[in-house]
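Participant: sequence-free structure coming up:
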DNA sequence: TATTACGTTTACGTAAACGTCAACATATTT
DNA sequence: AAATATGTTGACGTTTACGTAAACGTAATA
């Protein structure tokens, strides 16, 4: 009866398994300032907050962001800057981010359309092959 | 009056400028099998086909694909495989690709929603600051 | 003719994002 | 007590996607 967790905690291998990343990666993310697990002695203890961050982080990666870009975004989320100037800069940054995402949306949609087009073309030629197979049987 | 172009052609710096990539990058893309410009003596002559490919290539990059993934996609587009087995494999590959893109779409949309949420929050705190500025004037 | 612009190949350098050890500590199981 | 599992910190290796510089060819321009 010493340390009751009180909150759910995760070890490095818990998160490692859940999100299918290596411990090495998790340590790197920490070194890059993206995660900030507590320590119990020497060992890393991750809280829910880290888990959420990790999820966002990986989503960012899938979108092609670098770790430092992701860092920027995280910082953006957390700035509780009382200063007006800071806030204005923040809004601007978020606008940039939004624009990039919108371009990415277009890119994805165009890629999907192309895949679809080519897919149909290929299917058609497959159908033709199968038709000729029937005849020759 | 020797070589009439007949088709529109581009030099390396033409494409370099149009798409804002360095010549070095274009040569790398060629080395990676993504572009295949003709040669006039020693110099690279790009045709429309290369220009289209470059556009697709860069779109792929924006989506976070590696050059070799893009190569796979290009190969996919071009397989005029008469063989049925080949075609089936191709269709499967395209399905994978489509799934990945759909996940990316979701990722982008979720990211956009989050940006929007945070954006509104920040705006609100900005409004509050400006309101208190008016009072104190 | 000398300079400038544009192109070439070859080759080494680099930043990012890990992988892959080594060498060690700690805790639990056998 | 010995082995096993899990964790730690270095530190060097690797791949990708170029950057950068050297050394050179060719063609138009001053």
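Facilitator: Everything's here; your move. Only a predicted model underlies this, so the values are computations on that prediction, with no experimental measurement involved. Numbers count the residues shown, from 1 in each chain, chains lettered A, B, ... in the order given.
Participant: what residues does chain A put near DNA strand D?
Facilitator: Residues of chain A found near DNA strand D (CB under 7 Å from any atom of the strand) are A:11-14, A:16, A:23-24, A:27, A:42-44. For glycine as for every other residue, the C-beta is placed from the backbone atoms N, C-alpha and C.
Participant: tell me, how many residues neighbour residue A:35?
Facilitator: 21 (other CB atoms under 10 Å in any protein chain shown).
Participant: and the residue nearest the centre of chain A?
Facilitator: residue A:59 (1.2 Å; CA atoms, centre = their mean).
Participant: could you pull up the contacting residues of the residue nearest to residue A:88 when sequence neighbours are not counted?
Facilitator: Residue nearest to residue A:88 in three dimensions, not counting chain neighbours: residue B:126, with 7.4 Å by CB to CB, 6 or more residues apart in numbering or on different chains. Going by CB atoms under 8 Å, 6 or more residues apart in numbering or on different chains, residue B:126 touches A:84, A:87-88, A:91.
Participant: check the residues you listed for burial and list the buried ones.
Facilitator: residue A:87 (16 or more other CB atoms under 10 Å in any protein chain shown).
Participant: just the contacts of residue B:126 now: which is nearest DNA strand C?
Facilitator: residue A:91 (25.2 Å; CB to the nearest atom of the strand).
Participant: residue A:129 contacts residue B:84, doesn't it?
Facilitator: Yes. Counting by CB atoms under 8 Å, residue A:129 does reach residue B:84; the two are 5.5 Å apart.
Participant: and the strand or helix carrying residue A:128, how far from the chain's centre?
Facilitator: Using DSSP states H and E, residue A:128 sits within helix A:84-135. Centroid displacement of helix A:84-135 relative to its chain, using CA atoms, centre = their mean, to the nearest Å, is 18 Å.
Participant: show me the contacts for the residue of chain A at minimum distance from chain B.
Facilitator: Sorted by distance to chain B under CB to the nearest CB, the residues of chain A start with residue A:64, at 2.9 Å. If you count contacts by CB under 8 Å, 6+ apart, residue A:64 has them with A:104, B:62-64.
Participant: just the buried residues of those.
Facilitator: A:104, B:62-63.
Participant: out of those residues, which comes closest to residue A:118?
Facilitator: Set against residue A:118, the nearest of those by CB to CB is residue B:63 (16.4 Å).
Participant: that closest one contacts residue B:103, correct?
Facilitator: No. The pair residue B:63 / residue B:103 is not scored as a contact, 11.4 Å apart, by CB under 8 Å.
Participant: tally up the residues packed near residue A:44, please.
Facilitator: A total of 20 residues lie near residue A:44 under the criterion other CB under 10 Å.
Participant: pull the contacting residues for it.
Facilitator: Counted by CB under 8 Å, 6+ apart, residue A:44 has contacts A:11-12, A:26, A:30, A:37-38.
Participant: of these - the most surrounded one?
Facilitator: residue A:26 (23 neighbours).
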